[in-house]
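Q: Here is my input; please provide its structure:
(one chain, ligands or ions: 1)
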Amino acid sequence: MNKRVLIVEDNPQNMKLLLMTLRPHGYDLLQAVDGEQALEVAIKSNPDLIIMDIQIPKMDGLEVTRRLRQMPAFNQVPIVAVTAYAMKGDREKVIRAGCDAYLPKPINTRQLPGLISGMLKPKPNTNGDGDGR
Ligand code: MN
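A: Okay, here's the model as predicted:
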């Protein structure tokens, strides 16, 4: 079964770029354009990974991440933060909110697929047995 990736991004151009970058890799891609929709879609469709723009309407990506992390179902789901404000301190802020990785904009479309596939690999210290290895 394809891995499900939820892309949270309010800018249509960036959304298009992310979709075009990830589509060839065989993921089921879900979309959300603001913080409330991000929560809704995440809860409804249980993505395997979330790409989270931080600057989004209604509720910012940090708050969405904090709320997701409070739910048992979203304890372990990798969340990759994306932000245009590549300022010192940003990384600490997104990690503290519960994100696993941080990508500054503009998005490096060559680097992204490898990062995503790496984060979707089962962690060695989990005791799940789902992939048959
Ligand atoms: Mn944005």
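
Q: OK, now which residue of the protein is nearest to the ion?
A: The nearest approach of the chain to the ion comes at residue 55, 3.9 Å away (Cβ to the ion). Using the backbone N, CA and C atoms, a C-beta is placed for each residue, glycine as well.

Q: helix/strand/coil for that residue?
A: coil (DSSP: H, G, I helix; E, B strand; the rest coil).

Q: again, but for the one 10 residues further on
A: Assigned state for residue 65: helix (three-state reduction, three-state DSSP).

Q: residues near the residue of the chain closest to the ion, how many?
A: 15 (other Cβ atoms under 10 Å).

Q: Then residue 27?
A: Using other Cβ under 10 Å: residue 27 sits among 22 other residues.

Q: again, but for the one 10 residues further on
A: Residues contacting residue 37 under the criterion other Cβ under 10 Å number 18.

Q: Kindly report the same for residue 35.
A: Quick note: residue 35 (other Cβ under 10 Å) scores 24 neighbours.

Q: what sits against it?
A: When contacts are counted by Cβ atoms under 8 Å, 6 or more residues apart in numbering, residue 35 touches 8, 56, 57, 58, 59, 60, 61, 63, 64.

Q: For the fourth one, list the residues it contacts.
A: Spelled out, that is residue 58. 34, 35, 36, 37 are the contacts of residue 58 under Cβ under 8 Å, 6+ apart.

Q: residue boundaries of the helices in the chain?
A: Using DSSP state H, the helices found in the chain span residues 12-22, 35-45, 61-69, 90-97, 112-120.

Q: Select from those the stretch with the lowest mean pLDDT.
A: Ranked by mean pLDDT, the helices of the chain bottom out at helix 90-97, which scores a mean of 89.

Q: Neighbours of residue 31, how many?
A: Neighbours of residue 31 (other Cβ under 10 Å): 15.

Q: do the same with residue 91
A: Residue 91 has 16 neighbours, counted by other Cβ under 10 Å.

Q: What residues does the chain have near the ion?
A: Residues of the chain lying near the ion by Cβ under 5 Å from the ion: 10, 53, 55.

Q: Was I right to think the first one contacts residue 57?
A: Meaning residue 10. Yes: if you go by Cβ atoms under 8 Å, residue 10 and residue 57 touch, sitting 5.9 Å apart.
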